[in-house]
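Visitor: here you go, sequence then predicted model.
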Amino acid sequence: MLTDGRSGRESLPVTTTGSRLLGNGTGGPPSVGTLLRRYVWALLAVASLGAALSGVVGLTAARRYEATTTTRVPSSGDARAAARLAEDLQAVVDEPAATAAIARRTRVPEADLRGRVTIRQAGASSTIRWRLRVDESRRDQASAILLATVEEAHRAVMRPDLTEAESALTTATAALEEAQAALADFTQRTGFPGPDAYARLQSELTALRIRAQTARAEGELVIAVALDRQVEALQTLVTVVGAQANEHDALVAQRERAEARVDRAQVQRDALDARLEALQATVARPTDPVPVTPTPMIVRRAAASAIAAAAIAAIALGVIEQRRKAASTRPRTRTEELRRTMGAV
């Protein structure tokens, strides 16, 4: 506390507010408008410097070249199918496995291929547009890289269906071979003479019964008894062969079902192969590589850099002003007040 020499009353320590320093008259932190008015030229200078540096980097960067081609959704021509196919193709092209396959075919390092292809549907049509961007060192290989990418992407996007169809065909073929082996084993084990022989035995049995009945009706009992014995023996044979015929028919039906499964699986596999060939047949000849115009990209990057630099500078200035205000509002010590009083005297 200090004592007023004229009134003898104690007075509180005198503090300085930040209003004189900051000029906002409220004693609070400076407003955004105050900062902008006070440091507008500094912010503009920082933003200009950021835009200039970004522009220099963009102009001095390695030049890129672009090649394009198109494909179409065959037969259906459905625009929605084209949109879905374009998304699927882009997904498989971005996978490391596809990049590795393209690198093996073109003998180009994977680092020079990764993320270089963009696949989009052309408007609302059934056409799909492919765009490849390469560095100047790969300019002469652009067409080969693009065609290899299209082919590998088509194969990759259809690989799940092809794998499933191939698995179904393999399973059906194995079932057919098993059915054929079971039928051959049955024939060898039982000596089954075949469906024709069973029908022939049945005809012979019927004829013997008619002869036995005729002999008995004519009074030739001895012949009728002999014929009855033949009927009994032949009936036993027919019963055995009949059971074999039923088992044989079941094995034949099993083989026929297996053959039908093989036929369906083969048709499905052939249809997928035909679809892949149809896709590959729609590939247009790639355009000659042309330089990519960097101006729009450079402008966008320069604007972003300017905004970012100005924002960082504004934050830094706000922090500096806060610290200055904190220092200016610190209470004076007794020594400082005495010095101030003596200086006033």
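Guide: Now that the structure is in, tell me what you want to look at. Residues are numbered from 1 along each chain as shown.

Visitor: pull the distance from the helix or strand encompassing residue 222 to the chain's centre.
Guide: Assigned by DSSP states H and E, residue 222 belongs to helix 221-281. Between the centre of helix 221-281 and the centre of its chain there are 47 Å (CA atoms, centre = their mean, to the nearest Å).

Visitor: I'd like the average pLDDT over it.
Guide: Helix 221-281 shows an average pLDDT of 88 in the prediction.

Visitor: can you give me the neighbour number for residue 308?
Guide: By other CB atoms under 10 Å, 13 other residues sit near residue 308. The C-beta positions use only the backbone N, C-alpha and C, and glycine is treated the same way.

Visitor: residue 306 too?
Guide: Considering only other CB under 10 Å, residue 306 is surrounded by 22 other residues.

Visitor: is it in contact with residue 48, as I believe?
Guide: Yes - between residue 306 and residue 48 there is a contact at 7.0 Å, judged by CB atoms under 8 Å.

Visitor: pull up the overlap in contacts between the two.
Guide: Common contact partners of residue 306 and residue 48 (CB atoms under 8 Å, 6 or more residues apart in numbering): none.

Visitor: the protein - how does it break down into domains?
Guide: If you go by automatic domain parsing, the domain ranges for the chain are 2-60+296-344, 64-161+284-292, 167-280.

Visitor: highest average neighbour count across those?
Guide: Burial of these is given as mean neighbour count (mean count of other CB atoms under 10 Å); domain 64-161+284-292 ranks first at a mean of 17.

Visitor: now the helices for the stretch 1-150 of the chain?
Guide: In the stretch 1-150 of the chain, the helices defined using DSSP state H, counting those that start in this stretch lie at 19-22, 32-60, 79-93, 96-106, 142-190.

Visitor: worst average pLDDT in these?
Guide: Ranked by mean pLDDT, the helices of the stretch 1-150 of the chain bottom out at helix 19-22, which scores a mean of 38.

Visitor: how near is the residue sitting nearest the centre point of the chain to residue 281?
Guide: Centroid-nearest residue in the chain: residue 91, 3.3 Å away (criterion: CA atoms, centre = their mean). To residue 281, residue 91 is 23 Å away according to CB to CB, to the nearest Å.

Visitor: same question for residue 68.
Guide: Noted for residue 68: a distance of 18 Å to residue 281, by CB to CB.

Visitor: cool, and residue 90?
Guide: From residue 90 across to residue 281, the span is 21 Å (CB to CB).

Visitor: and for residue 242?
Guide: According to CB to CB, residue 242 stands 58 Å off from residue 281.

Visitor: residue 118 now?
Guide: 23 Å.

Visitor: same check, this time on residue 123
Guide: The value you get for residue 123 to residue 281, if CB to CB is used, is 22 Å.

Visitor: residue 201 now?
Guide: In terms of CB to CB, residue 201 sits 60 Å off from residue 281.

Visitor: do residue 70 as well
Guide: 13 Å.

Visitor: doesn't residue 165 make contact with residue 268?
Guide: Yes - taking CB under 8 Å as the definition, residue 268 is a contact partner of residue 165 at 4.9 Å.

Visitor: pull the contacting residues for residue 151.
Guide: Residue 151 touches 280, 283, counting by CB under 8 Å, 6+ apart.

Visitor: go again with 7 Å.
Guide: By CB atoms under 7 Å, 6 or more residues apart in numbering, residue 151 lies in contact with residue 280.

Visitor: that one and residue 197: what is the separation?
Guide: The spacing between residue 151 and residue 197, counted by CB to CB, is 58 Å.

Visitor: so what's the backbone phi/psi at the residue lying farthest from the centre of the chain?
Guide: Ranked by distance from the centre of the chain (CA atoms, centre = their mean), the top residue is residue 219, with 91.2 Å. Residue 219 adopts backbone torsions of phi 90, psi 10, taken as degrees, to the nearest 10.
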